[in-house]
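J.: here's a sequence, model it:
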Amino acid sequence: MFITNHHMSQGIFRTYSNLELLKVAETRFASNTIVLRRLVKVRVALCNMVINTNWTVWKQSSTERAEKIRDRILNEKWWDLVTYLLSIIEPIMSMIRYTDMDRLCIGEIYDGIDSMLEKIKVTINEKENDPQEKFFKELEVIIVERWNKMTTPLHLLAYALTPKYYSNQFLDKPGRIPPWRDLEVSDGYKAAFLRLYPDDDLRDVVTNEFIEFANGIGLSVDALRHRSKKDAHSWWYFHGTCFQHLQPLAIKVLSQVASSSASERNWSTYSFIHSVKCNRLLSKRAENLVYVHSNLRLLSHKQHDYTQGETKMWYIEPEHTDLDAPASQLLALTFDDSEIEPTYSASASGIGSSNVNVNEEEDELDDPFDD
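T.: All right, here's what the predicted structure looks like:
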């Protein structure tokens, strides 16, 4: 805030950086993380700014706050802590953004949480002179408590009905077990069966079909091979015919959304249409415009550029996400979107230029309706 609130400091900074500093927004998603990430990107520019002659002669640079900022910018240990913090947050961000993607992924959330915790643990263990075990345990408790609030038998049933978790490619990795050997998952899909099929005879039939599915009994060679190659929804459509009762259940469960982002985007679309500058619309007209606007964007998802072109998954994952990639591969992606971030020309740096708010970057990251 100190740098962006003073024209002189901002002008000096812009002579060294093509990117603007961002401010923390109150209601935007992960704005604190985005601000820290931007600070790391412009670290060299910040260091050059505080050792510049113009900064030294500037009268505001002698204030107590400016001195603290200068000492912080030139402090190597502080930058190491920022980098360390971002490396821990990155798997969490990747998991959140993975569930926000335009694909059916409810069956992959359970394994995704485990993979996220493992990545965080590896990052913490690589940090020297750190109370590794204690810190990870505290972080794990927070994440697990949050996950326990959200997890339902539906999530566990979806995980148990995802074919790739029974494939050799998945089980050959160290520490991997099939869903039916996980006690929590087993209790979850049993509770789901009990609620969905109150009739004992029908529930026994579904249970037998699930046992056959889990053990690969009666499946063709292609069905077994496609466990790790096809997404769960498509697999059940193509290979699930032999399971008369389990197939329609699996298709329904795996078709459920895993995030409320669609509803959030609907509200964002409404605020985009019915804004302060355009506030005399009748409610019916505003609803119709939101309906048209949202459906036009859904139709754009069926175009070639959305899945194959340079703008592939443009509002969800700017790093050219592979729609058919497994959860473990997608979770390995970073949330670095420097290619689409707005830049500022250093040669055109002006002292009176306006500040850039974190909302500008966030609109490109998470909200497709505010562009």
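J.: pLDDT below threshold where in the stretch 201-350 of the chain?
T.: 262-263, 306-307, 309-350 (pLDDT under 70).
J.: element containing residue 291?
T.: helix 283-300 (DSSP states H and E).
J.: against which helices or strands is that helix packed?
T.: helix 261-273 (3 or more Cβ pairs under 8 Å, 6 or more residues apart in numbering; DSSP states H and E). For glycine as for every other residue, the C-beta is placed from the backbone atoms N, C-alpha and C.
J.: what packs against the helix it packs on?
T.: helix 283-300.
J.: just the angle for the helix it packs on relative to helix 261-273, thanks.
T.: Using axes from the mean of the first three to the mean of the last three Cα atoms, to 10 degrees, the inter-axis angle of helix 283-300 relative to helix 261-273 is 120 degrees.
J.: got the buried residues for helix 283-300?
T.: Residues 286, 289, 290, 294 are the ones in helix 283-300 that count as buried (16 or more other Cβ atoms under 10 Å).
J.: could you dump the residues you listed to JSON lines with distance to residue 161?
T.: Below are the buried residues of helix 283-300 laid out as JSON lines (distance: Cβ to Cβ, whole Å):
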{"residue": "286", "distance to residue 161": "40"}
{"residue": "289", "distance to residue 161": "39"}
{"residue": "290", "distance to residue 161": "34"}
{"residue": "294", "distance to residue 161": "30"}
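J.: what's in contact with stretch 241-255?
T.: Stretch 241-255 is contacted from outside by 104, 106-107, 154, 157-158, 161-162, 196, 202, 205-206, 209-210, 212-213, 218-219, 232-233, 236-237, 240, using Cβ atoms under 8 Å, 6 or more residues apart in numbering.
J.: identify those among those residues that sit within helices.
T.: Counting by DSSP state H, the contacts of stretch 241-255 place 154, 157-158, 196, 202, 205-206, 209-210, 212-213, 232-233, 236-237 in helices.
J.: now, of those, which are buried?
T.: 154, 157, 158, 196, 206, 209, 210, 213, 232, 233, 236.
J.: what's the helix or strand for the nearest residue to the last one once chain neighbours are set aside?
T.: To tie it back to what came earlier, the one meant is residue 236. Leaving aside its chain neighbours, residue 236 sits nearest to residue 250 (4.5 Å; criterion: Cβ to Cβ, 6 or more residues apart in numbering). Here residue 250 sits within helix 246-254, counting by DSSP H and E.
J.: in that helix, what's buried?
T.: Buried-residue list, helix 246-254, by 16+ other Cβ under 10 Å: 246, 247, 249, 250, 253, 254.
J.: now do that helix and helix 232-239, the angle between them.
T.: Using the same axes, to 10 degrees: helix 246-254 against helix 232-239 is 160 degrees.
J.: fine, thanks again, bye for now.
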